[in-house]
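Asks: make a model of this:
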Amino acid sequence: MSDDQDKSQKTEEPTDKKLRDARKKGDVPQSRETGTAMVVFALLMGVIFVAPAAMTRLSGLYHGLIVQSGQIGLGTHAAGVRDVGGVMYSLSVGSFLALAPLLGIMVAAALFGVMVQGETVVALERIKPKPEKLNPLSGFTKLFSPDALVEFGKNMAKVLIVGVISGWALMDLAGRLAQSESLVPETLTAETGASVRWILLITASVLVPIALADILWKRSSWKKKQMMTLKEVRDEHKDSEGDPQIRARRAELRMARARQRMAQAIPTASVVLTNPTHYAVALKYEQGVDQAPVCVAKGADHMAARIRELAREHEVPIIENKPLARALHAAVEVDDQVPVEHWQAVAEIIGFIMGLKRDSRLAPPEGSRLREEP
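Replies: This next block holds a predicted model:
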């Protein structure tokens, strides 16, 4: 009852942190049916393209065994005579080498079936012993969960379909062999191979739609399981706000945005006021457009040094005026107009900057100094 109530309260989409935590624990939507379908399909391809060569090699091995069976001893004999141990070793190695390509294709297909789902996670959390896993009541409850019922239905469908297909194919094979006029090994091999290929083809055709449906079901049920209550979202937000790493990351992002914005704003500035090292304030004024000068960037210490550097790169005049730079840095925010009480002092400096375009011999206002050094 409480579980149903909890599920009904989970109305919020999972946060990025909730999804990351789930993946760290190895809780990802994985469809085993996809791997099964890939393995069966790979086995079909192997039977068609690889098995003939493997069967030829195996036939040669066992034909040699039959031909030389009278020369095999049980111990150490005269030169040229092989014992049973040597023969078994040769057969084992030869059989493995003959079947290795087919086995390799199946293993590669199984791995591809996992990787193609895009949720491959190796988590030690999944193998840690947990007391709740030993609780028989919880295990009994899981037997009748929706996921367990879906798994049971899939398995029963696969067993029924594959069983019917295999039974029909074997009966057909037996009928064809019974009607064959010459039952030689070549005929037996060809007929059996055709039946095996047909069984694998039909089985793969059935497993592919089952795998696709299973992928959709797994992803849907996994997402529902990750849904959160409104309280969980609020608690997570509070926790993240108090996380020093998250606070540091946010501060870093704010600084990065400020630097980017500053790099775009400085080239448009009319003048940069400094004190000269600790503070820097960049002002912009367009006659006939702005009612008063506007602060486009400001900074202290390292940020002030960066403002001066950008101003030199873009040939923006730098004026040293200690009291005015400190006052503006404290009184004005970025994108705000210069306060009225500073209009007179700022107007004199901007007027001086405009006058420099006509006469480079003009002297700066009292208390100010034009900085020309790099």
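
Asks: low-scoring pLDDT stretches of the stretch 201-350 of the chain, where are they?
Replies: 239-244 (pLDDT under 70).

Asks: how about the strands in the protein?
Replies: In the chain, the strands defined using DSSP state E lie at 271-274, 279-284, 294-300, 318-320, 369-371.

Asks: which one of the ones you listed lies nearest to A190?
Replies: Ranking the strands of the chain by proximity to A190 (Cβ to Cβ) places strand 294-300 first, at 83.0 Å. For glycine as for every other residue, the C-beta is placed from the backbone atoms N, C-alpha and C.

Asks: what does that closest one rub up against?
Replies: Strand 294-300 is contacted from outside by 261-262, 265-266, 268-269, 278-285, 306-307, 328-329, 332-338, using Cβ atoms under 8 Å, 6 or more residues apart in numbering.

Asks: in that strand, what counts as buried?
Replies: Of the residues in strand 294-300, 294-299 count as buried by neighbour count, 16 or more other Cβ atoms under 10 Å.

Asks: could you export stretch 265-282 as PDB, CA atoms only?
Replies: Written as PDB, here are the backbone C-alpha positions of stretch 265-282 (Å, rounded to 0.1, in the frame of the first residue of the first chain):
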ATOM      1  CA  ALA A 265      32.400  44.700 -24.200                       C
ATOM      2  CA  ILE A 266      35.800  46.300 -23.900                       C
ATOM      3  CA  PRO A 267      36.300  46.900 -27.600                       C
ATOM      4  CA  THR A 268      33.100  49.100 -27.600                       C
ATOM      5  CA  ALA A 269      34.300  51.200 -24.600                       C
ATOM      6  CA  SER A 270      35.200  54.900 -24.900                       C
ATOM      7  CA  VAL A 271      37.600  54.900 -22.000                       C
ATOM      8  CA  VAL A 272      38.900  52.700 -19.100                       C
ATOM      9  CA  LEU A 273      39.500  54.400 -15.700                       C
ATOM     10  CA  THR A 274      42.000  52.800 -13.400                       C
ATOM     11  CA  ASN A 275      43.500  53.600  -9.900                       C
ATOM     12  CA  PRO A 276      46.000  52.300 -11.500                       C
ATOM     13  CA  THR A 277      46.300  48.600 -10.500                       C
ATOM     14  CA  HIS A 278      43.500  47.500  -8.100                       C
ATOM     15  CA  TYR A 279      40.400  48.800  -9.900                       C
ATOM     16  CA  ALA A 280      39.400  49.300 -13.600                       C
ATOM     17  CA  VAL A 281      36.100  50.600 -14.900                       C
ATOM     18  CA  ALA A 282      35.300  50.600 -18.600                       C
END
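
Asks: please tell me how far that stretch is from the chain's geometric centre.
Replies: The chain centroid and the centroid of stretch 265-282 are separated by 44 Å under Cα atoms, centre = their mean, to the nearest Å.

Asks: mind putting the strands of the chain in TSV, distance to K25 included?
Replies: Below are the strands of the chain laid out as TSV (distance: least, Cβ to Cβ, whole Å):
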stretch	distance to K25
strand 271-274	53
strand 279-284	49
strand 294-300	44
strand 318-320	56
strand 369-371	59
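
Asks: so which of these gets nearest G104?
Replies: For the strands of the chain, the distance to G104 is smallest for strand 294-300, at 61.8 Å, taking Cβ to Cβ.

Asks: point out where the stretch 1-150 of the chain drops to low pLDDT.
Replies: 1-8, 63-85, 118-144.

Asks: can you show me the helices along it?
Replies: Assigned helices in the stretch 1-150 of the chain, in chain order: 2-9, 16-24, 32-49, 51-67, 84-115, 136-143, 146-179 (criterion: DSSP state H, counting those that start in this stretch).

Asks: so which of these is the most surrounded?
Replies: Greatest average neighbour count among these goes to helix 32-49 (a mean of 20), per mean count of other Cβ atoms under 10 Å.

Asks: T192 is in contact with D172, correct?
Replies: No: D172 is beyond contact range of T192, at 11.6 Å (criterion: Cβ atoms under 8 Å).

Asks: which neighbouring elements make contact with the longest helix seen in the chain?
Replies: Identified as the longest helix of the chain according to DSSP state H is helix 185-226. Other helices and strands packing on helix 185-226, by 3 or more Cβ pairs under 8 Å, 6 or more residues apart in numbering; DSSP states H and E, are helix 16-24, helix 32-49, helix 146-179.
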